[in-house]
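1. Provided below are the primary sequence and the corresponding predicted coordinates.
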Amino acid sequence: MKETDNPSDICTHLGDDYDRYLGAIVPPLFQNSLFTRKTENHGYSYSRINNPTIELLEAKLAALEHAEAARVFASGMAAIAATVSSQLRAGDHVVALRSAYYPVSRFLIDVMGKYGVTADFVEYGTPDEWERAVKPSTKLFYLETPSSNIFQILDLQAIVGVAKRHGITTVADNTWATPLYQNPLTFGVDYVVHSATKYLGGHSDLIAGVVMGNREALDRIRGEERAMWGAALDPFAAWLLTRSLRTLEIRMRRHSSSATAVAALLEKSDRVKKVYYPGLPSHEGRAIADRQMRGFSGLLSFVLDADEERAMRFAKAVAVFQEGPSWGGFESVLNTPGLCADPQVRRFQCVPDGLIRASIGLESEAALLDAFEAGLRNL
């Protein structure tokens, strides 16, 4: 199909190339490790390097994120680790948001620290705070907006301005918003990463990650960090992820509308101390979100007016919702980062005591609201 910037058209047909694949409406899965070249040098050799199924997925993802190129990985953390490590050397310094995905913080401190990289963390994420954190050795800003658990909104344009004045590379995690609702590259961010396990996959049946940005830089990452670490995505997972993209826009509309209704219900309840959801007009980052986002996804969190024991009972007992650590799938899931995590980890991540995170799935809005209303009554 012709080039398009319409997300629905990108997800459904971009790159499918029916003539190449005998008119197959679903492009075939190249579930093979080796490509031989005895009669034709077609550019493929080994699926750890490249593969037609993987390249089709990458083309769709790059178009969605308005990027020159995309490279997919075996997990979100693989994509993040490859991207971050590709930019840093011994003696370099990185600044990251404190409330970003916690394993990224551990990677920066524990893994990159072994190789002479130092890291500092900003708590509120204001442009002034990023500016004050800059050192002569600072080479990377790691951003996430909205951030994990408490959904802080970062002013991408202003923070990128700080980075560019100092010659600092920026990496932004866009998993929460998806490319449908936010495109950090358009604000000058250098690299965008996603845990494709979440909304891009959407069915809780695959693990994947992706980094998007400049083609030349991503070709280097593909040939070095991805190939050398053996972190390429399996072709079947890539095929599943391409399938999932075909319903991304429809799924995100349902996630968003139901989450907005649940957040409003929770905010009105006298049994809830605070709701964290950027889609609420009361959210402290809403003005920035309205400038740089086109919508809001289905992940929110809240703190009950209850002790930890009752809050945990609520999380385990509320109907419809399962209890577990991931999110972004078709199913509704509660997680308890403010109840289960080590208190030191909670403080590091700025997670309030008692925080419960809710991934709003694709069940009917009525069933979700009824489940929360019943749960709150039973407190």
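-> Structure's in. What do you need?
2. who are the neighbours in contact with Ala261?
-> 365, 368-369 (C-beta atoms under 8 Å, 6 or more residues apart in numbering). All C-beta atoms are positioned from the backbone trio N, CA, C, and that covers glycine.
3. who wins for most neighbours among the residues you listed?
-> Counting neighbours by other C-beta atoms under 10 Å, Leu368 comes out on top of the contacts of Ala261 with 24 neighbours.
4. show the contacting residues for it.
-> So Leu368 contacts 258, 261-262, 320, 332, 360-361 (C-beta under 8 Å, 6+ apart).
5. how about Ile80?
-> Ile80 is in contact with 101, 104, 107, 171, 173, 193, 209, 211, counting by C-beta under 8 Å, 6+ apart.
6. if you set the cut-off to 6 Å instead, what comes out?
-> Taking C-beta atoms under 6 Å, 6 or more residues apart in numbering, we find Ile80 in contact with 104, 193.
7. look up phi and psi at it.
-> phi -70, psi -50 (degrees, to the nearest 10).
8. quick check: pLDDT value at it.
-> The model reports Ile80 with a pLDDT of 98.
9. roughly how far does it sit from Ala217?
-> According to C-beta to C-beta, to the nearest Å, Ile80 stands 15 Å off from Ala217.
10. swap in Lys316?
-> Using C-beta to C-beta, Lys316 is found at 45 Å from Ala217.
11. looking at the two, which has the bigger crowd around it?
-> Ala217 (19 against 11).
12. so what does whichever strand or helix holds that one touch, helix or strand wise?
-> Using DSSP states H and E, Ala217 maps to helix 215-221. If you count contacts as 3 or more C-beta pairs under 6 Å, 6 or more residues apart in numbering; DSSP states H and E, helix 215-221 packs onto strand 69-73.
13. any idea of the mean pLDDT for the strand it packs on?
-> When pLDDT is averaged along strand 69-73, the result is 98.
14. can you give me the end-to-end span of stretch 228-240?
-> End-to-end distance of stretch 228-240: 24 Å, with C-alpha to C-alpha, to the nearest Å as the criterion.
15. name the residues of the longest helix anywhere in the chain that are buried.
-> Counting residues, the longest helix in the chain under DSSP state H turns out to be helix 248-268. The neighbour-count check on helix 248-268 (16 or more other C-beta atoms under 10 Å) flags 248-249, 251-252, 254-267 as buried.
16. which parts of the stretch 101-250 of the chain are strands?
-> For the stretch 101-250 of the chain, applying DSSP state E, counting those that start in this stretch gives strands covering 118-122, 138-144, 169-173, 191-195, 209-213.
17. ok, which of those strands comes nearest Pro184?
-> Pro184 lies closest, by C-beta to C-beta, to one member of these: strand 169-173, at 4.1 Å.
18. now for the closest one, which elements pack on it?
-> In terms of contacts (3+ C-beta pairs under 6 Å, 6+ apart), strand 169-173 is packed against strand 138-144, strand 191-195.
19. note down every partner strand of the last one and its orientation.
-> Spelled out, that is strand 191-195. Here strand 191-195 is paired, per DSSP bridges, with strand 169-173 (parallel), strand 209-213 (antiparallel).
20. that older thread, now pLDDT and distance to Asp16 too, for the contacts of Leu368, in TSV please.
-> As requested, the contacts of Leu368 are exported to TSV (pLDDT from 0 to 100; distance: C-beta to C-beta, whole Å):
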residue	pLDDT	distance to Asp16
Ser258	98	30
Ala261	98	35
Val262	98	36
Val320	96	36
Ser332	98	32
Ile360	98	31
Gly361	98	28
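21. from Glu40, how far out is the most centrally placed residue in the chain?
-> For the chain, the residue sitting closest to the mean C-alpha position, by C-alpha atoms, centre = their mean, is Thr175 at 1.7 Å. Between Thr175 and Glu40 the distance is 39 Å, computed by C-beta to C-beta.
22. and Lys135, by the same measure?
-> Using C-beta to C-beta, Lys135 is found at 52 Å from Glu40.
23. looking at it, Gly295 is touching Tyr181, isn't it?
-> Yes - contact criterion C-beta atoms under 6 Å: Gly295 and Tyr181 qualify, at 4.0 Å.
24. good, wrapping up.
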